[in-house]
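# The sequence and its predicted three-dimensional model are supplied below.
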2 protein chains.
Amino acid sequence: MSDHFDTLETRDPEQRELALLAALPVQIAHAKSRAPAFARLLADVDPREIKTRAALAKLPVTRKTELVERQKAARPFGGFAASGWGELARVIASPGPIYEPEGRRPDWWRLARALYAAGFRRGDLVHNCFAYHLAPAGFMLESGAQALGCTVFPGGTGQTELQVHAMADLAPAGYVGTPSFLRIILEKADELGVKLPSLRKALVSGEAFLAPHREALVARDIQGYQVYATADLGSIAYETRARAGLVVDEGVLVEIVRPGTGDPVPEGEVGEVVVTALTNADYPLIRFGTGDLSAVLPGASPCGRTNLRIKGWMGRADQTTKVKGMFVHPGQIAAIVARHPEIAKARLVVENPDGNDRMTLHVEPRSADVAIAAEAIIASIRDVTKLRGELVLRKPGELANDGKVIDDLRRIE
Amino acid sequence: MSDHFDTLETRDPEQRELALLAALPVQIAHAKSRAPAFARLLADVDPREIKTRAALAKLPVTRKTELVERQKAARPFGGFAASGWGELARVIASPGPIYEPEGRRPDWWRLARALYAAGFRRGDLVHNCFAYHLAPAGFMLESGAQALGCTVFPGGTGQTELQVHAMADLAPAGYVGTPSFLRIILEKADELGVKLPSLRKALVSGEAFLAPHREALVARDIQGYQVYATADLGSIAYETRARAGLVVDEGVLVEIVRPGTGDPVPEGEVGEVVVTALTNADYPLIRFGTGDLSAVLPGASPCGRTNLRIKGWMGRADQTTKVKGMFVHPGQIAAIVARHPEIAKARLVVENPDGNDRMTLHVEPRSADVAIAAEAIIASIRDVTKLRGELVLRKPGELANDGKVIDDLRRIE
């Protein structure tokens, strides 16, 4: 059996890029014609002109945090969905609440590819410990496993002892769920003296999956892989046997942007994952800001898949905070930087050394010999944030590559 | 829009009977060839000969209680399923544990018909409060609603306040779940001051749905109907607007038998519901004893559906008990009756007036003038149960029509 789900995964990267860029105007036109929110957001955009990444990068980013308000104003989907009741198979709730549509197309969330990369194959029994109630992950993995030709045991969350007994009785080939619940199940099995020899693979998500945990699974002869997916977009990127970052799914176009902006960062720099769903007719999200931080990995994966790789989840991009009772957004830091072309990168550090909030903008110049207009920048801070801030000049390359635009170092005693 | 899901519901009852009886030999042959347990149970049966209800009534009944042991001996399905991993969409757990297969055919559990009778239509949003985790009902109703062209909100169980808010936000046309959870949700909505004007219909199951509760829903302008379904068989019978008993589903052949036996009772008498699944290729259950009591209602439903009607759930048929430490089964009472053709009906009453177990067999003669061989019957009691029992002679028609073969009246102080 092939190591790859299909030939899309191994195609020439230039061919893929051409295919993605060819799909872009079609999807943008679809979104404008069927989703009222995109008709409004992209009113002045001619879809035919959005055929390069540079052109895409000029379109507005819609952030997950905005969806709560947009949906509240226009139930159920804030005008972002192209399908309604009856056309959709399900509507699912995420905390917020944010409601997500699920269409009728098989493997609507595109999880089959990630399951395949984790070793799942037609005919496998899959024990699914993601929640199906008021939460999307259960159905996301369920529909991927169904498309792959697996049989699913809907274990859900909790009831650890029953999960152990069902695994012993039914002998599933693999587990899907959070990595922490897999650990809890395995420890419960040890405690009960129950062996689970059939369980040899796992696809995990929803939490960090760190090397010690992965190694602990290997010691039990279980190969665990992770997938990065969201309820709005489905699968975004997935781990492969190469264990070298996460390979981007074939159905999405991924950009990494500076938090608070729509501007792509240079390759390798940490920023917010922004995704355009190219194959989803029901929920044609254009430049959807996930609120998650990641970075592009250079080069190609040793596993033979030729798509872009990202590092996986590196934290939350939405660093909005309150200083002296006033909200400060990453977008405001971007606005300050935009006023001063000599600044390459900036980070607002918030502290409260004496119990009083203090803001300091750390800036990196474009090069060592460029002049920094300190007073003008301090005036911009005041102007944009309505708060007083100090300035610290840093050397080029000195600020950490961690996607942080606002670094809140205050301690709550 | 039609009041009926399809024309099967209103066909001539004789045509239906012919169709059911024509399907019978085909399904029995399929069960024998694909399900090892039926190959063994029906080894001496020529499927071509099972073309009448009388012939069917001679085949062994497989009872739900036996499945636990049969499955333990041969995981996962005790040899009763015709499909395996990969062919099946899901495997689901019921208490016992009993594992149930679910195939890939749309509306595998045949719940769309019951949903239609309860007023659900294509394009409706359905709020599903049955559990999807380690339990079958969530998926049973889900697949029926999907087949009908509804969109489903998988609410699951618990989290009442979130359910109320989701209902207020998404405006579902109807609810499916237990009747008691619907009451809890509506009371919570009252408490929160949340109006749910969209909610106008409900299909409930899993518990008794009594007139006061139904009327309380009507007072809120919600029409609630019930469906009788099991995880092994799917939909067995469903309520209609006529509210006159439950109409049997078009995909099953229903018999009512004397508890502990495979013998059909006269029309109207309470007995165990025994079902043969005629359209299910994956789980071709032949004479499956549900363990539930019901009775056939005479005549046809005023709603225009021409199928057999039953009264709905009337209690548990498995009345096995322990007397002086020895098991006594309904089948043993049937064996005693079989030895004495003058007995029409019998009921074993178990009491412990002075702390000691006492058994009394109440018997009804076939007619008032038939002779009862009391001593021979007492000997038969002793012979069959290995326990001493007394005899009480009752008048014809005096024993209650409640399906009780063993009536355990002992009190635990």
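Good, I have the coordinates. Numbering: from 1, shown residues only, chains lettered A, B, ... in the order given.
# only C-alpha atoms for contact and neighbour calcs from this point on.
Will do.
# So A:Ala335 is in contact with A:Asp383, correct?
No: with contact defined as Cα atoms under 8 Å, A:Ala335 does not reach A:Asp383; the gap is 10.4 Å.
# Around the residue in the stretch 251-400 of chain A that chain B sits nearest to, count how many other residues there are.
In the stretch 251-400 of chain A, the residue that lies nearest chain B is A:Asp282 (13.2 Å; Cα to the nearest Cα). Using other Cα atoms under 10 Å in any protein chain shown, the number of residues around A:Asp282 comes to 23.
# Just list the residues touching it, thanks.
Residues counted as contacts of A:Asp282 (Cα atoms under 8 Å, 6 or more residues apart in numbering or on different chains) are A:81-83, A:88, A:101-103.
# higher neighbour count, A:Ala335 and A:Asp383?
A:Ala335 (17 against 12).
# and the residue of the stretch 251-400 of chain A closest to chain B, what helix or strand is that in?
If you go by DSSP states H and E, A:Asp282 is not part of any helix or strand.
# how much distance is there from the lengthiest helix in chain A to the middle of the chain?
Taking DSSP state H as the criterion, chain A has its longest helix at helix A:13-34. Offset of helix A:13-34 from its chain centre (Cα atoms, centre = their mean, to the nearest Å): 20 Å.
# Please save the CA atoms from it in PDB.
Taking C-alpha atoms only, helix A:13-34 is exported to PDB below (Å, rounded to 0.1, in the frame of the first residue of the first chain):
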ATOM      1  CA  PRO A  13       5.400  22.200  -6.000                       C
ATOM      2  CA  GLU A  14       5.100  24.600  -8.900                       C
ATOM      3  CA  GLN A  15       2.200  22.600 -10.300                       C
ATOM      4  CA  ARG A  16       0.500  22.700  -6.900                       C
ATOM      5  CA  GLU A  17       1.100  26.500  -6.600                       C
ATOM      6  CA  LEU A  18      -0.500  26.900 -10.100                       C
ATOM      7  CA  ALA A  19      -3.400  24.800  -9.100                       C
ATOM      8  CA  LEU A  20      -4.000  26.700  -5.800                       C
ATOM      9  CA  LEU A  21      -3.700  30.100  -7.600                       C
ATOM     10  CA  ALA A  22      -6.100  28.900 -10.300                       C
ATOM     11  CA  ALA A  23      -8.600  27.800  -7.700                       C
ATOM     12  CA  LEU A  24      -8.400  31.200  -5.900                       C
ATOM     13  CA  PRO A  25     -10.400  33.400  -8.200                       C
ATOM     14  CA  VAL A  26     -13.100  30.700  -8.600                       C
ATOM     15  CA  GLN A  27     -13.500  30.400  -4.800                       C
ATOM     16  CA  ILE A  28     -13.500  34.100  -4.200                       C
ATOM     17  CA  ALA A  29     -16.200  34.600  -6.900                       C
ATOM     18  CA  HIS A  30     -18.200  31.800  -5.200                       C
ATOM     19  CA  ALA A  31     -17.800  33.400  -1.800                       C
ATOM     20  CA  LYS A  32     -18.900  36.800  -3.100                       C
ATOM     21  CA  SER A  33     -21.900  35.400  -4.800                       C
ATOM     22  CA  ARG A  34     -23.200  33.000  -2.100                       C
END
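# For the following helix or strand past it, give me every contacting residue.
Counting by DSSP H and E, the next helix or strand C-terminal to helix A:13-34 is helix A:36-41. Contact with helix A:36-41 is made by A:31-33, A:60, A:78-80, as judged by Cα under 8 Å, 6+ apart.
# Mind listing what's buried along helix A:36-41?
Across helix A:36-41, burial judged by 16 or more other Cα atoms under 10 Å in any protein chain shown covers A:36-39.
# Put together TSV for those residues, with pLDDT and distance to A:Val270 on each row.
Output for these, formatted as TSV (pLDDT from 0 to 100; distance: Cα to Cα, whole Å):
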residue	pLDDT	distance to A:Val270
A:Pro36	98	32
A:Ala37	98	29
A:Phe38	98	28
A:Ala39	98	31
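# Tabulate these (CSV), appending distance to B:His127.
CSV is the format used below for the buried residues of helix A:36-41 (distance: Cα to Cα, whole Å):
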residue, distance to B:His127
A:Pro36, 26
A:Ala37, 26
A:Phe38, 28
A:Ala39, 30
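# Quick check: of those, which lies closest to A:Ala373?
Set against A:Ala373, the nearest of the buried residues of helix A:36-41 by Cα to Cα is A:Phe38 (39.5 Å).
# Quick check: the closest one vs A:Ile98, distance?
Counting by Cα to Cα, to the nearest Å, the gap from A:Phe38 to A:Ile98 is 18 Å.
# For the stretch 101-250 of chain A, which segments count as helices?
Ranges of helices in the stretch 101-250 of chain A, per DSSP state H, counting those that start in this stretch, are A:112-117, A:137-148, A:160-170, A:179-192, A:211-219.
# Include mean pLDDT and mean neighbour count when you put those into JSON lines, please.
Output for those, formatted as JSON lines (pLDDT from 0 to 100; neighbours: other Cα atoms under 10 Å in any protein chain shown):
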{"stretch": "helix A:112-117", "mean pLDDT": "98", "mean neighbour count": "25"}
{"stretch": "helix A:137-148", "mean pLDDT": "97", "mean neighbour count": "25"}
{"stretch": "helix A:160-170", "mean pLDDT": "96", "mean neighbour count": "19"}
{"stretch": "helix A:179-192", "mean pLDDT": "96", "mean neighbour count": "16"}
{"stretch": "helix A:211-219", "mean pLDDT": "95", "mean neighbour count": "13"}
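# For those, give me CSV that also has distance to A:Gln319.
Shown next, in CSV, are the helices of the stretch 101-250 of chain A (distance: least, Cα to Cα, whole Å):
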stretch, distance to A:Gln319
helix A:112-117, 30
helix A:137-148, 25
helix A:160-170, 36
helix A:179-192, 26
helix A:211-219, 27
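# if we compare the ones you listed, which one ends up closest to B:Leu233?
Comparing the helices of the stretch 101-250 of chain A by Cα to Cα, helix A:160-170 comes nearest, at 20.5 Å.
# by contact count, what packs against that closest one?
Judged by 3 or more Cα pairs under 8 Å, 6 or more residues apart in numbering or on different chains; DSSP states H and E, the packing partners of helix A:160-170 are helix A:179-192.
# tilt between the helix it packs on and helix A:160-170?
Taking axes from the mean of the first three to the mean of the last three Cα atoms, to 10 degrees, one finds that helix A:179-192 is oriented at 80 degrees with respect to helix A:160-170.
# right, is helix A:179-192 up against chain B?
No: applying Cα under 8 Å from any Cα of the partner chain, one finds helix A:179-192 separated from chain B by no less than 14.9 Å.
# now the angle from that helix to helix A:211-219?
40 degrees.
# gap between helix A:179-192 and the chain center?
Using Cα atoms, centre = their mean, the offset of helix A:179-192 from its chain centre is 28 Å.
# Determine the set of other helices and strands touching it.
helix A:160-170.
# what does the helix it packs on rub up against?
In contact with helix A:160-170 (Cα under 8 Å, 6+ apart) are residues A:127, A:155, A:184-186, A:188-189, A:194-196, B:75-76, B:93.
# Near chain B, which residues of chain A are found?
So far as Cα under 8 Å from any Cα goes, chain A lies against chain B at A:75-76, A:85-93, A:122-125, A:131-134, A:146, A:149-157, A:166, A:169-170.
# If we use 6 Å, what do you get?
With Cα under 6 Å from any Cα of the partner chain as the criterion, chain A comes near chain B at residues A:76, A:85-86, A:88-91, A:123, A:133-134, A:149-156, A:170.
# Out of those, which sit inside strands?
Judged by DSSP state E, the residues of chain A next to chain B include A:88-91, A:151-154 as members of strands.
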